[in-house]
Structures are given as C-alpha cells and as structure tokens.
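K.L.:
coords please:
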Amino acid sequence: LLEAAVAEPQAPVGTLVFLAEDETRHLLEHWNHTPEPLADEDLITRFEYQVRCRPDALAVLQAGRSLTYEELDRRSNQLAQALVERGAGAESVVAIAVPRSPEMLVAVLGAWKAGAAYLPLDLNQPAKRLRELVADSGASLVLESARAAPDLPAERLLLDEATLGDYAQAPPDVVRTPGQLAYLIYTSGSTGQPKGVMITHAGVCNQITAFSDYLGLTAADRVLQFANFSFDTSVEEIFAPLACGAALVLRTDEWLADADIFWSLCDTNRISIVDLPAQFFSQLAIERRPVPECVRSVISGGEAISEAALQAWFSAPGHRPVLFNTYGPTETTISVTVHEVEAEEGAWRLLGRPIANIRLYVLDNGLQPVPVGISGELYAGGVQLARGYRDRPDLTAERFVPDPFLPGARLYRTGDLARWRADGTLEYLGRNDFQVKIRGFRIELGEVETKLAQVEGVHEVVALARPLSDGEKRLVAYYTGEVESASLREAARQEFPNYMVPSAYVRMEQWPTTPNGKLDRKALPVPEDDVGARTGYEAPKGKYEQALVQIWSELLNVAQIGRHDGFFDLGGHSLLAVRMISQLRSRYGWEVSIRQVFESPTLAGLAQRLDRETPTAPPLLALEGEGPWPLSYAQQRLWFLYQLDGPGSAYNIPSGVRLEGSLEVGLLGRSLRSLVERHAVFRTRIVEEDGEPRQWVEAEARLTLPVV
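P.N.:
Numbers count the residues shown, from 1 in each chain. Next up is the predicted model:
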C-alpha cells in the first residue's frame, strides 16, 4: 500500500492497489477455478431418459398416492399438449396454483414440455397479492387441481381427467434452448413492489448437476420434497431426483408436528436425502431425537443455522448424517456454494466454496478484491445468474453489474458481507443493507414500510427485524400518526404473505435521532412481544378456548391470551400452526386443518370451528347395579391370552375408545395402561375373585365405546 501511495501520490486512497499480483491472482483465479463442461441435455431430456430406462419405477409418493415415471410422463405430456393448444410456448409464463401433490409435478413438467416458463403461486398468500403477481408476470394461464385459487387475471385450466384425458400422451414437438426462461419467482422489493426474478434453463441445469454430484445422488435414493413451492429450493428438490431416476416423497403437514414424527416418517418412507430450511432444521436438532440410518445427507440453507442448533446436532447420540450448508440468492439460481459442516466453533457462518461454473468475489466499494480476512461485499458470477428482473431494467442494472475481471460477463451484487478465510472458504458476516431473512424468506424492509405508509392516518413507518423474548427473529413496525395499530395490522394482512406481516406495532411520538439528525434505528424501543397484536383482553370461555390458550401459551411463549387475540398476530407462523394442530389431536382428539387455522386465526374463532366441526360422541350411559361385573366372552379370551403370553398385540378388538379420567388396568398390562391413562372417563379395575377374573366398575361410572 505504501509503494502504491508513493507511486501515485495524487490518487485517492480508495483507488490504491494494495494487493500483490500473486495474491490478486489467487483470489480471482485460483479459488474461482471451477470450470466444468456444461450439460448437453436439459432436465426434461434427462427425465425422459429415466422414463425409458425405468418406466415402472416410483417417481413420486405422497401419503399413499403415487405415480410411476411412465404415469408422470404421460400425464405431463397430455398437459403440455393442452398448453400448446392454448398458445403456451417459449418465453410465455404459466402460473401454477396447485398445492403440494403429484399434480404439482405434472404442472411443472407440463409447462416445461410445452416450452413455457412457470410461476409458482403460494395459495396461502393474500388474494390481492396473488392477482398482482399473475398480472405482473404476464401469465395467460393458471393451472389448478381444484377451484381453490382466488379469481386471477388469466384463463384457468383444471388438471383433471375430464380436461386432459383426450389429449395425446406423447410430448409436443417444441424446442427448448439453454437461454430460455425456465421459471419466474417473486421476491420482496425495496420500493414496495415485488420483483420477478427470471431464471434460465442453463442456470437450473448447472445447479441441479452440481447438487446431484456433491450428494452422489443415484436412482436408489429417496428425496424429501419439503420446501414451499414458491421458494426456489423446491426446484432442486423436485428435479434432482427426477433427473437421475430417484423417488420423490412429498411431505404433508403431518411431517411438521415434532422431531419424533418427522424422523419416524423419514424412516417409514426410507428417505435418504432431506433438504430443510434452517429454522426447521434447528428445531429438529435442538430436540436431539434419533435420526434413522436411512437418512445419509441433510442439506440446510436459506439462512444461517444457529450455533446452539449445531452444538445440539453434533452432541446428540446415535446416527448423524452428513450435514451440508448451502448459500445462494434467488438471483443466482438456488445455491452457488456448498460446505460440509463439521463440529467447530463458528461453523454456522461458513458458506464453503463456489460450485461448478460459478465465480465468487469479495470486493470493496471500488469493485476491487480485498485481502484474505478482510470484509467486503460478495459478488457472484457464472452461468447461474438470472437474466434480471421482469420489466425492471433500472433495478436490473443496479444489481447486475459488468464483471471488471472478465470482459463481457456480469456479476450480481448480493448485498451480503463476507470474507475469505486462509483455506479458501467463504465466511458470512451479515448484510450491508435493509434486507432481512425470516424463516428463510427474503424481505426488503422498504416494501413493508412503503405499503404500511399508504394506510390513511399514517405519517411515517420504519420496519425492523429483531429478536423478541423467545429469540426468534420477527418483524416490528414503528410508525407515527393518528391511527390504531389494528388498521396497520389489517392492511398488512391484505397486502403481505404471513411471513411479512409484523408481529408487533409501536406508535412513536417522535423518532430518535443521531447527533447529525438522522434516524437512530438502534435507539428504537424494544417492544413487548405482542404490542399492537391485541384488540382488548377478554378472558377465554369454554373448554375449547381454555384448551387452545394452554397450547398457544406453550408454543408462542405468551403468558396472557384473550379470546380475540390472533395466533399469527402473537408471533405464530405456519410451522407452529402445524404443531398446534398436532397438540390438539394428541391431547384431545380434535381435528382442524391448517387452512381452517388461517381462516379462523383468533382464539374465539378457532374454538368455534372446533365446537362446530368436532364430532359429538354418543351420550354416556350410567351402568346400573353394584358389585363386580362379569367379563364378556371377548374379555375372557383377552385375559386368558394375557395369562399365557403377557401383554401383546396378537389379539385385538378393532374399535375406537374415547375415555377421560384415570383408569386402573390391573391384569391387562402396560400396553393398555398407556392407552387408557391418556383418555379416561371412568375408574375400573379387573380383579380375581374366587380365582375368576371380574371387571369392577366403581359407583357413578360412565362408559362409552363408539365402534369405528
């Protein structure tokens, strides 16, 4: 640096070169020497090769429903024919409003076979936002498996036999090129308008190839499809197994209940590869449950894994699959780095090295490389870069800049701060702007601020992501103006998906400022967990509300919950909603769907749902008489088998039993005890009297046995 300053004494300090040539070459060339031959075949061609090789092999499985490779191919061919007939083709966009199901795969494959790109829609997002995305994308068709989607500004096409049954089962004759648009995914935008990221087939194909290579994926694998369809991780989960002949298992909400159920379902379905968002992986790791031997690799991405989760993961007993951490903004096609995580301090910050055909630079404000160990902004280049943002040339030019080291190439400014370690591994250090990630979803705080500032009566809005009492990161909205927080909350619900709705609202009389008069974000007060989330406390009533209060308090870490408080307003989200549903089922036998929770999110509203839709048991009948009751013929056989073999499942009566209270089981053994102690309505015991078994039902006993 001193030599450069002496050589050019008039040059601004920021322009001085302070890296020796060999060090510069090492940073720019050696650690970015990743060229690999680009695949000659696109993913549809690879899938069709697997169809020819293994037509009867399992392609997709979900809760008992399955499709073979031949069946999936035939149905997607019919859809592609229908799409071509309706004008779909190269550079056109087909919106897919299909829940996680085999039909979702038919829709994606059908769109690509027709030469079109697809736009994934999350049906849990507000109808207003879905209409905006479809209109902005220019999609002329919306695919759906049922009339579940709201009215959207495009022609609708149902994926059923009546619609597609008459179409040819061969693929249409279309040409797909590497540079052709593959899919369009919308991310949060700092100006208040979501931006559509345009991804090409060349980028997807390169990423899937690299993903399959570092996992060693083969036709013997079973891969779990976990991610939300509108999240780009779903692309690698879907196409990596289908391109190599493996089986894809689609999760249901049941998988999210707890760690025991998740790993048990992995074992039952013989899952070998799981790709999980960091938040859910952290929940699994901290619960420290046994991992089945069939799971050989776990991939986590989207955001950093917590240090506590990694410590729990590596210190837990039993089988530990290989853990990979991946990194990549949506604009770089899913992921551009991979790192095999080991038990070392600070491992959660390590991004690893660039994958095949990717270049990564850590640069200063003058787009010059910084030395090893020095922080700079991370830039990405290579075949996986998106074209840019749909109909946003100004924003595209701002984020996609010319590569100063490779003429004619481009770099994407990630906005992430990083540094090189001496071993050539990249280390994540944070953000250099107001973009945050919550539950793996990227959020521009400017979009939240812009939309909420449009609410009548609001003067200014500042949004922050900060940890509340439970340590989880949540959005907080600070505002000035004469308006109730309920108005802001309702506006957020109408505009944003659930993960972008602030969980706390704080009205400010004036903004804290720095000595030079700028807003001091660090001085904004830490809110209570539920500021602005309540509409006035009213005590819960009835058994359903009381039961919900107990479960909500445990999941949300909120002490006082009123009848009109909302689950999502108090910090809940879809993963916690599934755990709530599981608790209702296991504790009380009550059933409610995730959609019903979204439709009735308040305590009173959900309790009314439960009251209205929970089946009513037959009335309890009091047993007349005193003294011991003789066993039935079936009970005598049970008792006899117990005397021979002890407790077991060799003999059973298929029936449903609903019980409350305590139960003394006596001779029937531990297996029946574990059942009835959770559910009892009466006190009973089986005793021997004069050498004969008798069932003793105490006074005021009530018993009901609804047979199912």
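
K.L.:
Leaving aside the residues adjacent along the chain, what's closest to Glu70?
P.N.:
Distances taken as C-beta to C-beta, 6 or more residues apart in numbering place Pro55 nearest to Glu70, at 3.7 Å, with adjacent residues excluded. All C-beta atoms are positioned from the backbone trio N, CA, C, and that covers glycine.

K.L.:
In contact with that neighbour, which residues?
P.N.:
For Pro55, the residues meeting the contact criterion (C-beta atoms under 8 Å, 6 or more residues apart in numbering) are 68-70, 73.

K.L.:
Among these, which lie within helices?
P.N.:
When DSSP state H defines the helices, the subset of the contacts of Pro55 inside them is 69-70, 73.

K.L.:
Select from those residues the one having the most neighbours.
P.N.:
For those, counting by other C-beta atoms under 10 Å, the largest number of neighbours falls to Asp73: 25 neighbours.

K.L.:
which stretches of the stretch 551-700 of the chain have low pLDDT?
P.N.:
Low-confidence segments of the stretch 551-700 of the chain, defined by pLDDT under 70: 614-629, 646-700.

K.L.:
mind listing the strands for it?
P.N.:
621-622, 628-629, 684-689, 692-697 (DSSP state E, counting those that start in this stretch).

K.L.:
Repeat that for the stretch 401-550 of the chain.
P.N.:
Listed in chain order, the strands of the stretch 401-550 of the chain (DSSP E, counting those that start in this stretch) span residues 410-420, 426-431, 435-438, 441-444, 458-467, 473-481, 504-507.

K.L.:
Figure out which of these is closest to Leu1.
P.N.:
Of all the strands of the stretch 401-550 of the chain, strand 410-420 sits nearest to Leu1, with 18.1 Å by C-beta to C-beta.

K.L.:
Quickly run through the sheet partners of the closest one, with directions.
P.N.:
For strand 410-420, sheet partners with direction are given as strand 376-382 (antiparallel), strand 400-402 (antiparallel), strand 426-431 (antiparallel), following DSSP bridges.

K.L.:
Need the CA coordinates for it. PDB is fine.
P.N.:
The C-alpha trace of strand 410-420 is given here as PDB (Å, rounded to 0.1, in the frame of the first residue of the first chain):
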ATOM      1  CA  ARG A 410     -21.800  -9.900 -15.400                       C
ATOM      2  CA  LEU A 411     -21.800 -10.000 -11.600                       C
ATOM      3  CA  TYR A 412     -24.700 -10.000  -9.200                       C
ATOM      4  CA  ARG A 413     -24.300  -7.800  -6.100                       C
ATOM      5  CA  THR A 414     -25.600 -10.000  -3.300                       C
ATOM      6  CA  GLY A 415     -25.600  -7.300  -0.600                       C
ATOM      7  CA  ASP A 416     -24.100  -9.900   1.800                       C
ATOM      8  CA  LEU A 417     -20.900  -9.100   3.600                       C
ATOM      9  CA  ALA A 418     -18.300 -11.900   3.600                       C
ATOM     10  CA  ARG A 419     -14.600 -12.600   3.800                       C
ATOM     11  CA  TRP A 420     -12.200 -15.200   2.500                       C
END
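
K.L.:
Tell me how far it lies from the chain's centre.
P.N.:
For strand 410-420, the distance from its own C-alpha centre to the chain's C-alpha centre is 25 Å (C-alpha atoms, centre = their mean, to the nearest Å).

K.L.:
Low-confidence regions, this protein specifically.
P.N.:
Looking along the chain with the criterion set at pLDDT under 70, you get 147-148, 190-191, 440, 468-472, 515-518, 528-536, 614-629, 646-708.

K.L.:
Next one: Tyr327 from Ala278, what distance?
P.N.:
Distance, Tyr327 to Ala278, using C-beta to C-beta, to the nearest Å: 11 Å.
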